[in-house]
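> With the sequence up front, the predicted model follows.
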Amino acid sequence: MIEVNELTKVFRKPIRGEGLSGMAKTLFSRKYDEIRAVDGISFTVPDGEIVGYIGANGAGKSTTIKMMCGILTPTSGSVLIDGLEPYRKRRQVAQNIGVVFGQKTQLWWDIPLIESFKVLKEIYRISDADYTERMGFLGEVLDITRFLSQPVRTLSLGERMRSDLAASMLHNPRILFLDEPTIGLDVLVKEKIRLAIRELNKTYGTTVVLTTHDMTDIEHLCSRIILLEKGSILYDGALKSLKNRFGNLKTLTLTVPADMQGETVPVLSPDLAVSEEDGRMVLRFDADKIALEQVIQYAFRDLRAMDMKIAEISIGDVVKTILEQQEAEHAEKI
């Protein structure tokens, strides 16, 4: 279990003057700006849960992950991983966690991938039987068997990311921290990594904390999200509940005859917004206020729709709306 209580991290950045004179003054009279990267956050992640930890750039996500891994020490507050403080008991905690940072690798660049795994086997003191079982499982779910003999530097970005995920899971950690694991990857590789994470969670009950800017990752993997903004938690709860805060919003995109475009269309309800975008008719509405069947009938009867695409509000739209509202509130206070 992960327990975070009033966790705070403040970085001090020296204020430097311009030019050589400003640099000289800094040596004798140093002043600092304080940057509160994480500001008194608290949450608990029970065993076996997959949690999406999301927010804009600079919100404090990676800083929190680094404190949970023991890389950074909190300014105040605490983190407990199975009852241990990771920055005080780094070796003990490291046996039970795996970490993947999207921009960094724990693999050795110039040696074959399989040799990196053998080195990690010795570091974590994995038995031969467990190593064989883990390599068989990870080789299958991550599809890495075919390039195990290649040097890491020859692997594509997608192959390296899958290999890094395998390396982080080799010792069968109870908790897995994933910081932007699908960054820069194509659609097919992203889907392989999502499937692998789901399989790891299902087979071994692995707890996963996932930070990402790809909201598709969140929707496919997480039942709970923690939304961070300027170091503070804006929302912590079920993904479905967050969507419901904005109503049961749906969008119908219609292809209509050319003579309908630019024409004034009959209004079904003031709760139905009708617009034209890229030569198609777009209907937006709250399905709790207007029945979907009623809108579909209106689309075919009054707008003479030839085809139709129905979409619910995405989690990306919800998060974008919340963050825009927060930015507007901050701007008003200033």
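Done, it's in.

> Which residues are in contact with the residue nearest in space to the middle of the chain?
Closest to where the C-alpha atoms of the chain average out (C-alpha atoms, centre = their mean) is Thr212, at 2.3 Å. Residues near Thr212 by C-beta atoms under 8 Å, 6 or more residues apart in numbering: 52, 54, 178, 180-183, 218. Where C-beta positions appear, they are placed from N, C-alpha and C, glycine not excepted.

> Show me those that map onto strands.
Members of these lying in strands (criterion: DSSP state E): 52, 54, 178.

> Please convert the buried members of these into ChimeraX selection syntax.
In ChimeraX, a selection of the buried entries from these looks like this (16 or more other C-beta atoms under 10 Å):
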select :52,54,178
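
> Which residue ranges of the stretch 151-300 of the chain form strands?
175-179, 207-211, 224-229, 232-238, 249-255, 273-277, 280-286 (DSSP state E, counting those that start in this stretch).

> circling back to that earlier point, possible to save the contacts of Thr212 as CSV with distance to Ser116?
What follows is those, written out as CSV (distance: C-beta to C-beta, whole Å):
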residue, distance to Ser116
Gly52, 29
Ile54, 30
Leu178, 19
Glu180, 21
Pro181, 18
Thr182, 21
Ile183, 21
Ile218, 30
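
> Go through these and name the one nearest Asp39.
Distance to Asp39 across those (C-beta to C-beta) is lowest for Ile54, with 16.7 Å.

> wait, doesn't that closest one sit right on Arg224?
No. The pair Ile54 and Arg224 fails to qualify as a contact (C-beta atoms under 8 Å) at a distance of 11.1 Å.

> contacting residues around Arg194?
With C-beta under 8 Å, 6+ apart, Arg194 has these contacts: 182, 217, 220-221.

> From those, which land in helices?
217, 220-221 (DSSP state H).

> Out of the ones in strands among the contacts of Thr212, the closest to Ile35 would be?
Checking these one by one against Ile35 (C-beta to C-beta), the nearest turns out to be Ile54, at 20.5 Å.

> Kindly state the beta-bridge partners for the closest one.
Beta-bridge partners recorded for Ile54 (DSSP bridges): Leu227.

> Thanks again, I'm all set now.
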